[in-house]
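Trainee: Quick one, fold the following:
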Amino acid sequence: MNKPENYKLLVDGDMYEWGESTITGAQLRDLAGIPDNVEIFQHVPGELDIEVQNNTEINLEEHHGLVKFSTQSPGSQAG
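Mentor: Numbers count the residues shown, from 1 in each chain. Next up, the predicted model:
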């Protein structure tokens with residue numbers, strides 16, 4: 001039996017692995033230790049970044065390779 005694939009996530013330059021095909025914003029916060037008062041954005045090549053809420057579900061199978069996220073304090077400008 002094959003071991004389930006671990007999906008690779010990059011959050012502010014730090015690599016994490018996730019063993020399920022979907023992850024919610026709340027699970028991402030737990031995984032990467034992101035405080036509740038910090039905003040999370042998913043980088044989508046060729047498109048505007050998508051804000052990730054706690055109840056947002058991200059299908060990691062839709063992304064080939066690394067799925068990238070960044071965080072910022074509310075009210076600050078994205079870099």
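Trainee: What ranges does this protein have for its helices?
Mentor: Assigned by DSSP state H, the chain shows helices spanning 25-32.
Trainee: list the contacts for residue 58?
Mentor: Going by C-beta atoms under 8 Å, 6 or more residues apart in numbering, residue 58 touches 22, 23, 24, 25, 28, 42, 52, 67. Where you see a C-beta, it was placed from the backbone N, CA and C, and this is true even at glycine.
Trainee: Buried subset of the residues you listed as a PyMOL selection?
Mentor: Selecting only the buried entries of the contacts of residue 58 in PyMOL, with 16 or more other C-beta atoms under 10 Å as the criterion:
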select buried, resi 23+25+28+42+52+67
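Trainee: Take the contacts of residue 58 and write them to a markdown table, including distance to residue 7.
Mentor: Below are the contacts of residue 58 laid out as a markdown table (distance: C-beta to C-beta, whole Å):
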| residue | distance to residue 7 |
| --- | --- |
| 22 | 9 |
| 23 | 8 |
| 24 | 13 |
| 25 | 15 |
| 28 | 11 |
| 42 | 13 |
| 52 | 15 |
| 67 | 7 |
